[in-house]
Structures are given as C-alpha cells and as structure tokens.
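A.B. asks: 3D, please:
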Amino acid sequence: MRSVGWLLVVCLWPSVTLGQETKKNKVNFLQPDRPVRYTPDEWSIYRPGLVVYCHHGQEETPLNAFLTVTLRLDCDHEDFNQYPGNTPAEVEKHWQDDQSLFSFNLFASKKRRLVELDPFNQSCLGIVSSGNYEMTLLLNRFDVWRVGMLLFGALIFFTAHALSQNSLFYYFGGVVLGVASSALIIVYFFSKLLPYRPLMYGVMLGGWTLGICGLQMLYENMRVIFVVYRHYVFWYILVVGFFTFLVCYRMGPPRNPRSKQVIQWALQLMALALMFFSTYQRTLAACIVTVATTGYFLSVPIAVGRWLLNKYYRLFPAKRRLLTLEEFEQQGIVETAKALNQLREYCRSPDCKQWKTVLRLQEPIRFASFIEGSNHLLDEEISEYEARSSCDDISISEDELDESIPSS
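C.D. replies: Next up, the predicted model:
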C-alpha cells in the first residue's frame, strides 16, 4: 500500500505543480513603444511560469489600411518558448498541451524574435523563459511592404495576359520555379528508379512533406543562410538556374492558347492573393479584389463595344453636310495657321536642309523672317487679295440680281 501511495504522489505531482504555475501566469496588455522587461526569480524552486503579452487591437479606419503590429523580443539567449493565441485562455491552453508527455507538433511555432500580430483584433503571445528578456510592441501605421504588395499584385493582375504571351517571362518564371523546387524534382526522378509503385508513392509523399518542412525552415532562416552561406547560395542559384534554363529552352515557350490561358489565370489568382493579403482589414481587402476584378472584366465589354461602334459607323456613316460660307472661311483660317506652324517646325528641324533650300529661293531673307515667326504674306499682297475679293463679291451680287429680275 505504501508503494501505491508513493506512485500516486509521483503521478499527481506534475498536475499540482502545473496548477501552481498556472496561478502565477501573468497577462500584460502592451502599449506601443513601451517595453516591458522580465526578470525571473533565480531562487524559485518552480519551473519558469508563462507570461502572456496581449494587444487589444486598433480601430479599423481607412488611415489604418496598411497598419502592422509586431512584438519584438530582445534577449541574448535561446532559452524560451512561444505560444501564440487570440486570448490569454487560448495561450494558456496551448502551453498546457505542450506540457503533456505525448505532445508533438511537426509544424510548431519556431522561436522568433519578431512576431506579427493581427492589428485589429486581440492577439496574444505567451513566453516561457528562464532568462531575462524585454518585450516591445511596435506599431507601423504605413507599412511600405504591404503597399508594395498591393501595387505589385495590381500590376501583375492587369498585365497577366501580356505576360502569358511573353517568352522572356516564360524563361524567367521557369528558372525561378526550377531554383525553388529543385529538391522536389530530384525526389521525383529518384522515385522513377524505384521498382515498386507503393514504395514510389511513399517516397513522393515523404518528399513533399520534407519539401514543405524544408521550405518552412528555409523561410525562417533565410537571412542567416544568405549571410553565412552566401557562396554556396550563389553557386546553387547559378548552376540550378542554368540547367533549368536549358530545360525551358529545350521545351520552348507554350504555343497552345489554352496553356497560355492557364498561365494567365494562375498569374491573376496569385495577384488577387497578393492584393487580398496586403491589408489586415478583410472588408477593405475584399473591396479591393472586387474592384480590380470588376474593372478588369468591364474593360473587355467596353473594348468590344467600341469595336462594334466603329464597325457600325463604317457600315452606316453619318450623312455629310455642306459647309456654309462662314464655316468654310473659318476652317480655312484654322487649317492654314496649322499648316504654316508645321512648315515652320519642319524648317527649323535637322531634317530640312536649309542651305539648299535658300539657294533655290528668290527671296531668302523673306524665308528667314517667315521661319522666325513673321507673316508669310506682305502688306501689298494682303491689300491686293482684299481688293480682288471685294470685286468678286460685287460681281457675284450683280449676277444674282440679274438672275432675280424676270425677263420681259
């Protein structure tokens, strides 16, 4: 009986300890740019407790469309664990689940010094650490990266059709995909060498799983990899990109219109995803996606309508109307001034060979003054033209008068 009692004490001791630690859990609601420092008790007999840091959430306004909220953890050690959640209770539940002997999560949250939170809803992060650290809430009201995501997504969305027809974009996209997925390609070709189909499926499944894990680890340690192993990264990109380019060059750009359409749709879906996730305001993001989609699909009917309207005017042109004398004179004045200005611009341009032109003219000084902006007619020529015009008007009026008098 004594051994059974000791066994019960040993089994119940972790739960009692956990209950004691749960009571000690602290919840801190952080304010922007006001760091909170944590210093553990060095003489405590308990394990480090959970400390929860929360952010209430900002108001959703148009000025906060590109707002980002980040928790920054400043410490000089790696002895800490993180537990994200929307509420302190959810964070505590994640922490308690992690204390279990059978807890195992392949995609568990990694140790990050910068954790981005939802700026418009309550978000929390629990920290368990046996060392000193400092937690700061950073507020960025205009995130340039998210604005860039929105603009880049809009550019890709409205130019997807042209990009799907571009051979240069095909080679560039092929090289990028080849560099990013070369590990999966190696697993695929290795599976072809296996004789048994179930074994091949296992390798493929394991390859994709390992590929996803590898991409996650690569993303989280991108900066360290590029700084420490930059030479290996350079040669990897160069070699894999070269062989991928050879494969793309051997296959050639897609010629099937349906293949190009699939590429266009894939680019547009990627662009819509970029625009949607460029802001945490989901209502605003849905409006942006709706406006972009509506604008794109409305431009096609508008272009078709313009084409049909041009066809209609060509088949059924409007009736021509003769100009009146006043309209004819006004149009003559406008067109003459326009033609004279074009002639001056041509004479001033390098295309006109001025010296050869001057040799052919009888009055080169008059030509030079015309280029500088003088009138193309002399005062005597204008007076002579007006006198002839008045004589012609008198003769026309006399002819009309004679026609109006009936013959006896």
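A.B. asks: buried sites along the helix or strand hosting residue 369?
C.D. replies: Element membership for residue 369, per DSSP states H and E: helix 364-371. Across helix 364-371, burial judged by 16 or more other CB atoms under 10 Å covers 367, 370. In this view, the C-beta of every residue, glycine as well, is placed from N, C-alpha and C.
A.B. asks: distance between that helix and the chain's centre?
C.D. replies: Here helix 364-371 is found 57 Å from its chain centre; the criterion is CA atoms, centre = their mean, to the nearest Å.
A.B. asks: quick one: average pLDDT of it?
C.D. replies: Helix 364-371 carries an average pLDDT of 79.
A.B. asks: what packs against that helix?
C.D. replies: With contacts taken as 3 or more CB pairs under 8 Å, 6 or more residues apart in numbering; DSSP states H and E, helix 364-371 sits against helix 325-348, helix 354-360.
A.B. asks: ok, which of those comes nearest residue 257?
C.D. replies: The closest of the helices and strands packed on helix 364-371 to residue 257 is helix 325-348. By CB to CB, the value is 44.6 Å.
A.B. asks: using CSV, write out the CA atom coordinates for that closest one.
C.D. replies: Extracted C-alpha coordinates of helix 325-348, given in CSV (Å, rounded to 0.1, in the frame of the first residue of the first chain):
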residue,chain,number,x,y,z
LEU,A,325,-19.5,80.3,-96.5
GLU,A,326,-18.7,81.4,-92.9
GLU,A,327,-17.8,77.9,-91.8
PHE,A,328,-15.7,77.4,-94.9
GLU,A,329,-13.7,80.7,-94.3
GLN,A,330,-13.3,79.8,-90.5
GLN,A,331,-12.0,76.3,-91.3
GLY,A,332,-9.6,77.7,-93.9
ILE,A,333,-8.1,80.2,-91.4
VAL,A,334,-7.6,77.4,-88.8
GLU,A,335,-6.1,74.9,-91.2
THR,A,336,-3.9,77.5,-92.9
ALA,A,337,-2.4,78.6,-89.5
LYS,A,338,-1.9,74.9,-88.5
ALA,A,339,-0.1,74.1,-91.8
LEU,A,340,2.1,77.2,-91.5
ASN,A,341,3.2,76.2,-88.0
GLN,A,342,4.0,72.7,-89.2
LEU,A,343,6.1,74.2,-92.0
ARG,A,344,8.0,76.4,-89.6
GLU,A,345,8.7,73.4,-87.3
TYR,A,346,10.0,71.4,-90.3
CYS,A,347,12.2,74.2,-91.5
ARG,A,348,13.8,74.5,-88.0
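A.B. asks: so which helix or strand of this protein has the lowest pLDDT on average?
C.D. replies: The least trusted helix or strand in the chain, going by mean pLDDT, DSSP states H and E, turns out to be helix 2-23, with a mean of 44.
A.B. asks: buried residues in whichever helix or strand comes after that one, which are they?
C.D. replies: With elements assigned by DSSP H and E, the helix or strand that comes after helix 2-23 is strand 26-29. Within strand 26-29, the residues that count as buried by 16+ other CB under 10 Å are residue 27.
A.B. asks: output strand 26-29 as PDB, nothing but the C-alphas.
C.D. replies: These are the backbone C-alpha positions of strand 26-29, laid out as PDB (Å, rounded to 0.1, in the frame of the first residue of the first chain):
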ATOM      1  CA  LYS A  26       0.700  36.900 -15.800                       C
ATOM      2  CA  VAL A  27      -1.100  38.800 -18.500                       C
ATOM      3  CA  ASN A  28       0.300  42.100 -19.800                       C
ATOM      4  CA  PHE A  29      -1.500  44.300 -22.200                       C
END
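A.B. asks: now for whichever helix or strand comes after that strand, which elements pack on it?
C.D. replies: Sequence-wise, the next helix or strand downstream of strand 26-29 (DSSP H and E) is strand 36-38. Where contact means 3+ CB pairs under 8 Å, 6+ apart, strand 36-38 is packed against strand 133-140.
A.B. asks: contacts for the next helix or strand after the strand it packs on?
C.D. replies: Downstream of strand 133-140, the next assigned helix or strand under DSSP H and E is helix 144-158. With CB atoms under 8 Å, 6 or more residues apart in numbering as the test, helix 144-158 has contacts from 66, 68, 163, 267-268, 270-275, 277-279, 288, 292, 296.
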